[in-house]
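Participant: 3D model of this:
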Amino acid sequence: MKRIITFLLTAAMLIPCVSCSEPTTSDQAAASTAVSTALTGAGDAKPVSDDSEQVNAILLAAQKRKQEILSTPTSIKKGDSYIQGETYTGTAYYVSNNGKDKNDGLTPETAWATLGRLQNVKLKPGDAVFFERGSIWRSARMPNNVRGTKGITFSAYGAGNKPIFSGSPENGSGSEKWKLYYNGDNGVKIWEYYKEFSECSAIVLNHEIPVPRDTAYWDGTKYYCMDMRNEPQKKPYVVTEDLMDMRCFPMLLYPPLSLDERAFVKGYDENGPELVTGKLYFRCDAGNPGELYDDIEFIAPFAFFDGMSDNQTFDNLSITSSVFTFTSGFSNGNSTDNCLVQNCEVSWMGGGVTGYATFNETGDTRLQLNMNSIGRNGGGISFDGSGSTIRDNYVHNCFQEGIALETFTEDPSSMTDNVVSGNVVEECVQSILLCNWDMEVNPNHIFKNIVVENNYSLYSGKSNWDNYIGWQYTSSAFTLQGGPCGNDGTLVVRNNVFGLSEGTVILINKYEVDYSRVFKENTYIQYPGKMYIHIGDKDTKIKYKIPKYFDQYLGDEKSVILTATVNTSDAK
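Facilitator: Alright, predicted model coming up:
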């Protein structure tokens, strides 16, 4: 749906609404007030001139760039020599919703129908797999042999929209799929889906409205309510009492597993993971959601691709609606090298509950589970390796990072020669993330020759998927996270547009002057009263146009710093 840019920001929009349960104690209320005060500066700064005209031009350029990515034609062709992203040299295979698995799959006219048919093919480096545009595969997961073969190209053929690989098992539209489970006072209506579901981190209505998963703490026998700091309370969680309007909850009754296993996977067999299932509830006071919305998708635990191999290429694909446990969009945890992701759309990823800490656990155990006592993870395109390029993609509505280069302490060598360029990233919590988890700089394990350039990174944190109050702090257009992100001077973040974040534009987890001044000639846009820069444990509230901070902390001497009162709901 086309939207009109409006140059208006009401007072209510200055403080994002943290939905779901209201604080029930004075401590919770104090925490909410503290975060809101940090974000707005308690009104201690005077308004500045409005840069809306300039911001308007930037947003229109971002919109144009997004449309270019979505309409990019396939240009990969058979060639005598291999040029990644341009040619393939081996056999081409074709897959289409109009195909049949009994075909040979060697031409568009004899295409296969399912991803599973590829399991019987012995792929070789240089081969390519083309998927017909306009097709959709649900509960989509590529077979192991395909994911494990190096040097494969995956792209699209035909005309129309990019082929879709969705974790959502079906479209939940249709009044017959939802029955009224509870009709309470004040118009409360809770609906139950017609069949059991596994983990559902959110429901997506008409491809644009998120219905977040409510979070409750599972202690092994029952659920308990959470406060806004994600701490479990003594009150048992009751769907009819605690589920807020436009939120969902999968009532998964987990078996008595150990802490490390307490997630929605019961076990594995030759067919893949065995999932815990339960009733799925959706509070929709407006009426039967199956009647109100033409398209209802579930962010579910199925993933198109889990673990890349070296030298693989992904071109002109649309990957959507998967939670974290198996993958988050594109993921590799094995330091896979020399991969290319281009011209793809990656959307509505992550947010699955992956584990629980017990009531009495503190410190490192809680931190490992992410967001205190409930672990919820998942992002869009994540790489742990060298020599890879992420270019010209549209990434949006991801629970954590949109695009991440992330290296871990146990990785054997430095991360080198990666490029993130020409992407449009919108409505992710941390839109673009560079992370090295070393707590101290290790010269043998640093960033080398990493380039992040010519990206649009906008509206970070706009779609809040969590009760957790800390999302207001963590959402950012660009993040350097982990220990000091050591580099040899060849890490550069240049010519990007970072802005309009619900939290802060730039988040640097641990500031070190030798490692954090990597920014050059970027444009930074923020709302009045919101943070431009947040560094470590100190809240550096750069509310308006204070260029010295961009030089001092970021090294960006030629930055463009804008303040704009555009309405985040309409300026897209």
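Participant: the helices in the stretch 1-150 of the chain, which residues?
Facilitator: Listed in chain order, the helices of the stretch 1-150 of the chain (DSSP state H, counting those that start in this stretch) span 26-40, 52-70, 144-147.
Participant: Nearest the middle, which residue of the chain would you pick?
Facilitator: residue 398 (2.1 Å; CA atoms, centre = their mean).
Participant: Any stretches of the chain with poor pLDDT?
Facilitator: In the prediction, the chain carries residues with pLDDT under 70 at positions 1-50, 256-263, 268-273, 324-334, 357-372, 467-472, 537-539, 543-544, 566-572.
Participant: Which residue ranges of the stretch 251-400 of the chain form helices?
Facilitator: For the stretch 251-400 of the chain, the helices defined by DSSP H, counting those that start in this stretch cover 289-292, 364-369.
Participant: buried ones in the first one?
Facilitator: So that's helix 289-292. Buried residues in helix 289-292, counting neighbours by 16 or more other CB atoms under 10 Å, are found at 289-290. In short, each C-beta sits where N, CA and C put it, glycine included.
Participant: Next, the residues that contact that helix from outside, please.
Facilitator: In this structure, residues lying in contact with helix 289-292 by CB atoms under 8 Å, 6 or more residues apart in numbering are 172-178, 191, 205, 282, 284, 286, 296.
Participant: Mind doing that once more with 6 Å?
Facilitator: Applying CB atoms under 6 Å, 6 or more residues apart in numbering, the external contacts of helix 289-292 come out as 173-175, 177-178, 282.
Participant: buried residues in stretch 408-415?
Facilitator: Within stretch 408-415, the residues that qualify as buried by neighbour count (16+ other CB under 10 Å) are 411, 414-415.
Participant: From those, which land in strands?
Facilitator: residue 415 (DSSP state E).
Participant: between the buried residues of stretch 408-415, which is closest to residue 81?
Facilitator: Using CB to CB, residue 415 is the member of the buried residues of stretch 408-415 that lies nearest residue 81, at 28.1 Å.
Participant: May I have the beta-bridge partners of the closest one?
Facilitator: With DSSP bridges as the criterion, residue 415 is bridged to residue 447.
Participant: Surely it and residue 407 touch.
Facilitator: Yes: with contacts counted by CB atoms under 6 Å, residue 415 reaches residue 407, the gap being 4.6 Å.
Participant: picking that back up, out of the contacts of helix 289-292, which are buried?
Facilitator: In terms of neighbour count (16+ other CB under 10 Å), the buried residues within the contacts of helix 289-292 are 173-174, 177-178, 282.
Participant: Among the residues you listed, give me the pair with the biggest separation.
Facilitator: Pairwise distances across those peak at 13.6 Å for 174 and 282 (criterion: CB to CB).
Participant: ok, back up a step: which one of the contacts of helix 289-292 is nearest to residue 518?
Facilitator: Each of these was scored against residue 518 by CB to CB, and residue 282 proved nearest at 44.0 Å.
Participant: Could you check how far the closest one is from residue 171?
Facilitator: When CB to CB, to the nearest Å is the yardstick, residue 282 and residue 171 sit 14 Å from each other.
Participant: re earlier: and the contacts of helix 289-292 as CSV, adding secondary structure and distance to residue 292?
Facilitator: Below are those laid out as CSV (DSSP: H, G, I helix; E, B strand; the rest coil; distance: CB to CB, whole Å):
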residue, secondary structure, distance to residue 292
173, coil, 9
174, coil, 11
175, helix, 9
177, helix, 12
178, strand, 10
282, strand, 11
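Participant: Make a markdown table from those and add distance to residue 515 to it.
Facilitator: Conversion of those to a markdown table gives the following (distance: CB to CB, whole Å):
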| residue | distance to residue 515 |
| --- | --- |
| 173 | 49 |
| 174 | 54 |
| 175 | 56 |
| 177 | 52 |
| 178 | 52 |
| 282 | 46 |
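Participant: wait, which of those is closest to residue 221?
Facilitator: After measuring the contacts of helix 289-292 against residue 221 - CB to CB - the closest member comes out as residue 282, at 24.7 Å.
Participant: list the contacts for that closest one?
Facilitator: When the contact criterion is CB under 6 Å, 6+ apart, the partners of residue 282 are 191, 248, 289.
Participant: Buried residues in stretch 436-451, which are they?
Facilitator: Neighbour-count burial for stretch 436-451 [16+ other CB under 10 Å]: 436, 438, 441, 445-451.
Participant: Please read the previous query as pertaining to stretch 200-210.
Facilitator: Buried residues in stretch 200-210, counting neighbours by 16+ other CB under 10 Å, are found at 200-205, 210.
Participant: Tell me if I'm right that residue 111 and residue 99 touch.
Facilitator: Yes: the pair formed by residue 111 and residue 99 meets the contact definition of CB under 6 Å, at 3.4 Å.
Participant: Compare these two (neighbour count), which wins?
Facilitator: Between residue 111 and residue 99, counting by other CB atoms under 10 Å, residue 111 is the more crowded of the two (26 against 20).
Participant: and that one, what is it in contact with?
Facilitator: With contact set as CB under 6 Å, 6+ apart, residue 111 has these partners: 94-96, 99.
Participant: related to what we said a few turns ago, dump the buried ones among the contacts of helix 289-292 into JSON lines; add distance to residue 384 as well.
Facilitator: Compiled in JSON lines, the buried ones among the contacts of helix 289-292 are given as follows (distance: CB to CB, whole Å):
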{"residue": "173", "distance to residue 384": "38"}
{"residue": "174", "distance to residue 384": "41"}
{"residue": "177", "distance to residue 384": "39"}
{"residue": "178", "distance to residue 384": "40"}
{"residue": "282", "distance to residue 384": "36"}
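Participant: what's the closest of the residues you listed to residue 127?
Facilitator: Using CB to CB, residue 173 is the member of the buried ones among the contacts of helix 289-292 that lies nearest residue 127, at 37.5 Å.
Participant: gap between that closest one and residue 353?
Facilitator: 25 Å.
Participant: Then residue 64?
Facilitator: As judged by CB to CB, residue 64 and residue 353 stand 38 Å apart.
Participant: of the two, who's got more company?
Facilitator: Applying other CB under 10 Å to residue 64 and residue 353 shows that residue 353 carries more neighbours, namely 27 against 11.
Participant: what's the nearest residue to residue 143 if we skip its chain neighbours?
Facilitator: Nearest non-adjacent residue to residue 143, counting by CB to CB, 6 or more residues apart in numbering: residue 119, 3.9 Å away.
Participant: Near that neighbour, how many other residues are there?
Facilitator: 12.
Participant: now do residue 555
Facilitator: Around residue 555 there are 16 other residues, counting by other CB under 10 Å.
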